[in-house]
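**Student:** Next come a sequence and a model predicted from it.
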There are 2 protein chains.
Amino acid sequence: MKVNGVPCRTIWPDPNDPAVINIIDQRQLPHAFVVEGLRSVEEFATAIREMHVRGAGLIGATAAFGIYSALLAATPATAEHCLDQGADLLVATRPTARNLAWAVNRQRAALAHGKTLAEQQQIALATACAIADEDAAFCQRIGEHGLPLIAAISRRKQGAPVNILTHCNAGWLAFVDYGSATAPIYAAHQRGIPLHVWVDETRPWLQGAKLTAWELGQEGVPHTLIADNTGGHLMQHGLVDLVIVGTDRVTRTGDVANKIGTYLKALAARDNQLPFYVALPSSTFDWGISDGLAEIPIEERGGDEVRLVRGRTCDGRDETVCIAPVGTAAVNYGFDVTPARLVTGLITERGITPPLAAAIAALFPEYY
Amino acid sequence: MKVNGVPCRTIWPDPNDPAVINIIDQRQLPHAFVVEGLRSVEEFATAIREMHVRGAGLIGATAAFGIYSALLAATPATAEHCLDQGADLLVATRPTARNLAWAVNRQRAALAHGKTLAEQQQIALATACAIADEDAAFCQRIGEHGLPLIAAISRRKQGAPVNILTHCNAGWLAFVDYGSATAPIYAAHQRGIPLHVWVDETRPWLQGAKLTAWELGQEGVPHTLIADNTGGHLMQHGLVDLVIVGTDRVTRTGDVANKIGTYLKALAARDNQLPFYVALPSSTFDWGISDGLAEIPIEERGGDEVRLVRGRTCDGRDETVCIAPVGTAAVNYGFDVTPARLVTGLITERGITPPLAAAIAALFPEYY
C-alpha cells in the first residue's frame, strides 16, 4: 500500500546490501516514518519482541528473513547450530503468534534441500522472499473474498457508507501488504464503494490509533478513531454494519486468538445480531489444536505498556507519560480468545468458511 | 475516605470563607492533590463540565452547592432570575448525569419555603450540606448491603481473595464519601475479607487509572490496573468473581447508563455466568423513563480526549501527548446503556433489588 503516495511493503531486502533486510520501525508511527535495517538474527528477534514489527503475517515474514540472517553469520561448521539457535530465538519472541513457528518450520523444510552453506543461504533468502510474496498475494485474495460482504451491505444500504469496525491493526502494516482485515476494506474502497471504518484505538499499545488510523489515512479511507470501550454503544445504535478483525492464531475448530479486547467486540456483535468476521491467511491456522481457550498460549507483556503512554506533544517532542499512581501494579495480557461460536465466518485466501472444523477442512483438506 | 491517612470528603464548605466551596481538582490526580475553591455558579458549572469534579453523587452535590453560590451573588430583585439561570447552567453541563437534575430539583423544592433572599441563601446552603451528608450516608448503606455479596464469595473460596472487577471510578471521588461501587469493597476490606480489585483504566479519560487506582491505594486495598480490553479474558480464565460498577442514570425498569464500555463488561459477565451488580443511591434513578437505550441522552465530549493523553513524565513534568496521526477524526461518547437483562442486581441504600420495575417499586414505592 502507499506511504505518501508511493507503494511500499513492510519488509524488503536492502537493494544495496545483501546482508540487510529493511523494515518500517512501527514504534515511530504515526509521527515518524523510519526505515530500519536488520543485520543479525539477534536484531530480528529484538525487532519482533519489542514490536518494531508486529502483526501475524509480518512477524512470520520477519522470522523467515531472520533465519536467512542467522545462516549468513554461520560457517559451514556452525550452520546447523546457528540455524537451531536462531530458530529457537525467533520462535520464543512472541508466544501467541502462530505465523512465527509456521515460517520457521517452512524455512527448515526448505533448507533440508540445501547441501552447502552457500546453497542454504540462497534457499533461506528465496524462501523468505517467497513467504513475503505469498503473504501479500494471500492478503490480496482475502480482499477479493471479503469484498462481496461489503458490497452486499452497500447494496442493502442503497449506497450509504458501510460502517466497519476493526480492532487493533490487521492492516498492511501487520502483513507484508494489503493486510487481512483491511484487505476487503481496501478492495471495496478502490472499487468506489462508500465505506467508513471505526478504528478501535487498541490499548495498551494503541495499534489502532497509531497504525490503523495512519494507514487508512494514507489510503484515503474515511475513518474515525474511538476508545476501545465505544464499539458496543455504536452497535446498539445501528452505527456498525460489520466487524472485521485479524488474528494471531486460529484453531482447527475456528477459535480465534486476537488482540486483547476482540472477544468483547464479538460479544457485542452477537448481542446486536451483527456479522463478525475474522480475516486470515492459512499460515495463521494452528492445525494441531482444537480448544482455543485451553491450548493457545496468551502472551503477557510488561505492565509499563499499560502504565505509560508514548506520544508526541503539540510542539513536536516525543514524550512518555505515566497515567497511574507511581508503583501501581498492572497486568498486560496481549491477546484473548474469541470462541468459534461468536464468529460469523473466517475470510481466508481460499474463500470464506464458517468457523467449524468440517467447513474449514473442506477448504483446507490437506491439513485434516 | 483517607488521603495520606487523613479523612477527607470530595466537597466541603470552606471553614474560613462562607462564599467558597472547596473541591478536589480531580484532573490533577493521581500526580497532585489540589484543592480548588469555587466562588461563583459559573465556576461550579465549569468545574462540572470540565471534570474538575465528576461522578454521579459528586456532580449532584456540586450542583446543589452551585445553586447556593448563584443565590449568594443575587440581590432580592434578581434572586429568581439568578436561580433559574444558575439551575439551567448547571443542569446543562453533563447531559447523561441524573443526579444533576435531581439535586437542582431538590434545591428548588426546598427554596420554595424561603421568603427572603437571606432565608433562601441559608436554605440553599443547608440543603446542599444535607444532600452531601445524605450522599455519604447512602453510600455507606450501599456498602453494608453489598458486603454480604463479597462475604459469601469469600466463604465459597475459603478465604482466597475475592476478585472484583470495576469500570471507571464509582469510588468516593465520584460521590461525597465511600463511593457506590467501592462502598461494598471498602466495607469488606475494613472487615478483613481478603479481596483484590481489577481496575479498568477507563479510556478515554482514564478515571480508573488516575482515580480508582489512587483511592484504592490510599486505602490499602489490593488492586491491579488493566486496559479496558482485558476484563473478558480475565473472566474466561476464572480470574473475576464479581463485577460491581456505578451508574449515572437508571431507568425505572433497571436499564443502566454508565461510563462507556460498561455494556461490554456486562456482556462478558453474562457469557461467563458471573454476577454483574450496579451500585447506586436512589438519587440516580430517573423514575420517569423506562427505555434506557431510547430515552437516556448520551453525552458526546470532544475528540481531543481520545486523541490526547495527559500524564506525568518520569522526571516529573506534566505533559499531554497525541497518540494518533495529526488531524485524525475521533468521537467520544461518554456513556453506554447496559440493558436490565444483563444486570444481576442493583445495590441501593435500601437494599439489593433485581433490575425489574416491580422489584424496584417494592423498595421505592413512593416513586411508582
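**Tutor:** On my side now, so go ahead.

**Student:** drop to CA atoms for contacts and neighbour counts, all remaining ones
**Tutor:** Fine.

**Student:** ok, for the most centrally placed residue in chain A, nearest residue in space, not its chain neighbours?
**Tutor:** Centroid check for chain A by Cα atoms, centre = their mean gives residue A:55 as the closest residue, at 2.7 Å. Spatial nearest neighbour of residue A:55, excluding adjacent residues (Cα to Cα, 6 or more residues apart in numbering or on different chains): residue A:174 at 3.8 Å.

**Student:** Residue A:62 versus that neighbour, what's the distance?
**Tutor:** Counting by Cα to Cα, to the nearest Å, the separation of residue A:174 from residue A:62 is 11 Å.

**Student:** More neighbours: those two, which one.
**Tutor:** residue A:62 (34 against 27; other Cα atoms under 10 Å in any protein chain shown).

**Student:** Surely that one and residue A:44 touch.
**Tutor:** Yes - using Cα atoms under 8 Å, residue A:62 makes contact with residue A:44 at a distance of 7.0 Å.

**Student:** Near chain B, which residues of the stretch 151-300 of chain A are found?
**Tutor:** A:202-204, A:206, A:209-210, A:213-214, A:223-230, A:232-233, A:236, A:260-265, A:267-268, A:293 (Cα under 8 Å from any Cα of the partner chain).

**Student:** In strands, which of these fall?
**Tutor:** Mapping these onto strands (DSSP state E) picks out A:223-226.

**Student:** Send me stretch A:19-37 as PDB with only the CA atoms.
**Tutor:** Extracted in PDB, the C-alpha atoms of stretch A:19-37 (Å, rounded to 0.1, in the frame of the first residue of the first chain):
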ATOM      1  CA  ALA A  19      23.200  -8.600   4.500                       C
ATOM      2  CA  VAL A  20      20.500  -6.100   5.300                       C
ATOM      3  CA  ILE A  21      16.700  -6.600   5.500                       C
ATOM      4  CA  ASN A  22      14.700  -3.400   5.800                       C
ATOM      5  CA  ILE A  23      11.600  -2.900   7.900                       C
ATOM      6  CA  ILE A  24       9.500   0.000   9.000                       C
ATOM      7  CA  ASP A  25      10.100   0.800  12.700                       C
ATOM      8  CA  GLN A  26       6.400   0.800  13.600                       C
ATOM      9  CA  ARG A  27       7.100   2.100  17.100                       C
ATOM     10  CA  GLN A  28       7.800   5.500  15.400                       C
ATOM     11  CA  LEU A  29       4.500   5.700  13.600                       C
ATOM     12  CA  PRO A  30       2.300   7.700  13.100                       C
ATOM     13  CA  HIS A  31       4.600  10.600  13.900                       C
ATOM     14  CA  ALA A  32       7.700   9.500  12.000                       C
ATOM     15  CA  PHE A  33       8.300   7.000   9.100                       C
ATOM     16  CA  VAL A  34      11.600   5.400   9.900                       C
ATOM     17  CA  VAL A  35      13.200   2.500   7.900                       C
ATOM     18  CA  GLU A  36      15.400   0.200  10.000                       C
ATOM     19  CA  GLY A  37      18.000  -2.200   8.500                       C
END
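
**Student:** Go through that stretch and flag the buried ones.
**Tutor:** A:19-31, A:36-37 (16 or more other Cα atoms under 10 Å in any protein chain shown).

**Student:** of all the residues you listed, which comes closest to residue B:358?
**Tutor:** residue A:30 (53.2 Å; Cα to Cα).

**Student:** can you give me the strands in the stretch 201-350 of chain A?
**Tutor:** Using DSSP state E, counting those that start in this stretch, the strands of the stretch 201-350 of chain A run over A:223-226, A:242-245, A:249-251, A:256-259, A:276-279, A:285-286, A:308-312, A:318-322, A:335-338, A:345-348.

**Student:** Let me have those strands in a markdown table, extended by mean pLDDT and mean neighbour count.
**Tutor:** What follows is these, written out as a markdown table (pLDDT from 0 to 100; neighbours: other Cα atoms under 10 Å in any protein chain shown):
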| stretch | mean pLDDT | mean neighbour count |
| --- | --- | --- |
| strand A:223-226 | 98 | 23 |
| strand A:242-245 | 98 | 24 |
| strand A:249-251 | 98 | 28 |
| strand A:256-259 | 98 | 29 |
| strand A:276-279 | 98 | 26 |
| strand A:285-286 | 98 | 23 |
| strand A:308-312 | 98 | 22 |
| strand A:318-322 | 98 | 21 |
| strand A:335-338 | 98 | 28 |
| strand A:345-348 | 98 | 26 |
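
**Student:** Residue B:112 is nearest to which of the ones you listed?
**Tutor:** Of the strands of the stretch 201-350 of chain A, nearest to residue B:112 by Cα to Cα is strand A:223-226, at 45.3 Å.

**Student:** mind listing the helices for the stretch 201-350 of chain A?
**Tutor:** A:207, A:213-219, A:231-236, A:262-271, A:292-295, A:304-307 (DSSP state H, counting those that start in this stretch).
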